[in-house]
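Trainee: A predicted structure for the sequence below; I have some questions about it.
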Amino acid sequence: MNQPYDIVHVAAEGYLDDLLRELAHRGDTVAATHRRLVFARGGSAAWAQNAWLAPRELPASSIGEGARGLRDIQRNWHLHSVAHHRRARLIAERLPPIRFKPLAFPADPPAAPLGAWTLVERDRLVASPRCSSPFPDGGVRFVEDREGPPNRAYLKLWEALTLARTRPGPGERCLDLGAAPGGWTWVLAGLGADVISIDRAELDPAVAAHPRIAHRRGDAFALRPEAVGTMDWVVSDVVAYPDRVLALAQHWAEAYPAAKLVFTIKFQGPADPAIAYRFLDIPGSRLMHLHHNKHELTWFRLPDGGPPEAIGRP
């Protein structure tokens, strides 16, 4: 059967409209939506937390037939239930079980492929053995630290570095723009890197006391490279309009062409895909919505290309 879609997007929780706006901006055709699932023609999208890259329809006239069809393709499957929930669970119970354990940072993503499937009708099963993310629905979960970091923003950088498959280490120099109260600075120093943090406000006292952290009071947008010297990493979770963050990203990408850059892009109101995609004009860029992002996207500029889960320039 000729399917009217060749990819299934799993929209980030609460951001289906942003995903649909992004697809419309690109001119992708949407065949159908089922809750957070968007059946479309095109490529991966930034606001999709996972993408089913090889979707196919399998017969499922019975629970046994649906389970056999999935097992015949591969072992590891994750159910994204959108309808006929009890019947879908009965099929899932006939598949090999998988334990999804939280990651203890620093860690690498799972190496084993994870397929995804759903029942959109009682006897209509859609499955993809290949997905953009090795995590269920793209949800990266960690064993959390509830004592060290000053806020929960640290989880975004944990996730970004996990998906980047690279992280700072001893001997590397990091610049954290708009750092206060210091969640990202805390992550970088905890990995053994030397960190210069910049913010008009002070860091949390426990973070500021770390011997590898040097905090400077000042405007992150006014800082120039000669004031801090050569950097291996530049990161930013600063609160600012996307066009200002774009100018900041362009400046530091040009200043340090070999450095690794990770920035958060925060949106007020509907996310404008046009401004988001301008970040991809910076050579080597990738863009994605992290599981721990809110109404935000994360931009990467890494020498090795960045997270395979993220999108590049279409």
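Mentor: Great, that's in hand.

Trainee: roughly how far out does the top helix by length along the chain sit from the chain middle?
Mentor: Using DSSP state H, we find that the single longest helix of the chain is helix 242-255. Here helix 242-255 is found 20 Å from its chain centre; the criterion is Cα atoms, centre = their mean, to the nearest Å.

Trainee: And for that helix, what's in contact with it?
Mentor: Here helix 242-255 makes contact (Cβ atoms under 8 Å, 6 or more residues apart in numbering) with 175, 177, 220-221, 225, 234, 236, 238, 240, 259, 261, 263-267, 272, 275-276, 278-279, 282-283, 299, 301. Yep, even glycine has a C-beta here, placed from its N, CA and C like the rest.

Trainee: Apply the buried test to those and list what passes.
Mentor: Buried residues within these, counting neighbours by 16 or more other Cβ atoms under 10 Å: 175, 177, 220, 225, 234, 236, 238, 240, 259, 261, 263-267, 272, 276, 278-279, 282, 299, 301.

Trainee: about what we covered before: cross the contacts of helix 242-255 against helices and list the overlap.
Mentor: Applying DSSP H to the contacts of helix 242-255, the entries found in helices are 275-276, 278.

Trainee: Show me which of these is closest to A54.
Mentor: Closest approach between the ones in helices among the contacts of helix 242-255 and A54, by Cβ to Cβ: A276, at 26.3 Å.

Trainee: Torsion angles phi and psi at the residue lying closest to that closest one once chain neighbours are set aside?
Mentor: Setting aside the residues directly before and after it, A276 is nearest to L297 in space (Cβ to Cβ, 6 or more residues apart in numbering), at 5.8 Å. Main-chain torsions, L297, degrees, to the nearest 10: phi -120, psi 160.

Trainee: E65 now?
Mentor: According to degrees, to the nearest 10, E65 has phi -70, psi -40.

Trainee: Determine how far stretch 154-170 lies from the middle of the whole chain.
Mentor: 11 Å.

Trainee: tell me the mean pLDDT for that stretch?
Mentor: Average pLDDT, stretch 154-170: 97.

Trainee: Identify the residues contacting it?
Mentor: By Cβ under 8 Å, 6+ apart, stretch 154-170 touches 103, 105-109, 140, 142, 144-145, 174, 183-184, 186-188, 191-193, 232-233, 235, 237, 260, 262, 264, 288, 290-293, 298, 300, 302, 304, 306-307, 309-310.

Trainee: how about a cut-off of 6 Å?
Mentor: 105-106, 140, 142, 174, 183-184, 187-188, 191-193, 233, 262, 290, 292, 298, 302, 307, 309 (Cβ atoms under 6 Å, 6 or more residues apart in numbering).

Trainee: can you check stretch 183-202 too?
Mentor: Residues outside stretch 183-202 that contact it (Cβ under 6 Å, 6+ apart) are 149-151, 153-154, 157, 167-170, 172-180, 207, 210, 212-216, 218, 220, 223, 228, 235, 237.

Trainee: Tell me which of the residues you listed fall in strands.
Mentor: Judged by DSSP state E, strands contain the following of these: 173-177, 213-216, 235.

Trainee: is it true that R313 touches L280?
Mentor: Yes - the criterion here is Cβ atoms under 6 Å, and R313 meets it with L280 at 4.4 Å.

Trainee: okay, these two: which has more neighbours?
Mentor: Set R313 next to L280 and count neighbours by other Cβ atoms under 10 Å: L280 wins out with 18 against 13.

Trainee: so who does that one touch?
Mentor: Applying Cβ under 6 Å, 6+ apart to L280 gives the contacts 287, 313.

Trainee: 8 Å instead, please
Mentor: Counted by Cβ under 8 Å, 6+ apart, L280 has contacts 286-287, 311-313.

Trainee: can you pull the pLDDT of it?
Mentor: At L280, the model reports a pLDDT of 97.

Trainee: And the helix or strand harbouring V38, what's buried?
Mentor: Using DSSP states H and E, the element containing V38 is strand 37-41. Residues 37-40 are the ones in strand 37-41 that count as buried (16+ other Cβ under 10 Å).

Trainee: hang on, T33 in a strand?
Mentor: Yes - counting by DSSP: H, G, I helix; E, B strand; the rest coil, T33 is located in a strand.

Trainee: Make sure it is actually in contact with A40.
Mentor: No - taking contacts as Cβ atoms under 8 Å, T33 lies outside contact range of A40: 9.1 Å.

Trainee: quick revisit: out of the ones in strands among the contacts of stretch 183-202, who's nearest A60?
Mentor: V235 (45.9 Å).

Trainee: okay, now that closest one: neighbour count?
Mentor: Around V235 sit 29 other residues, with neighbours defined as other Cβ under 10 Å.
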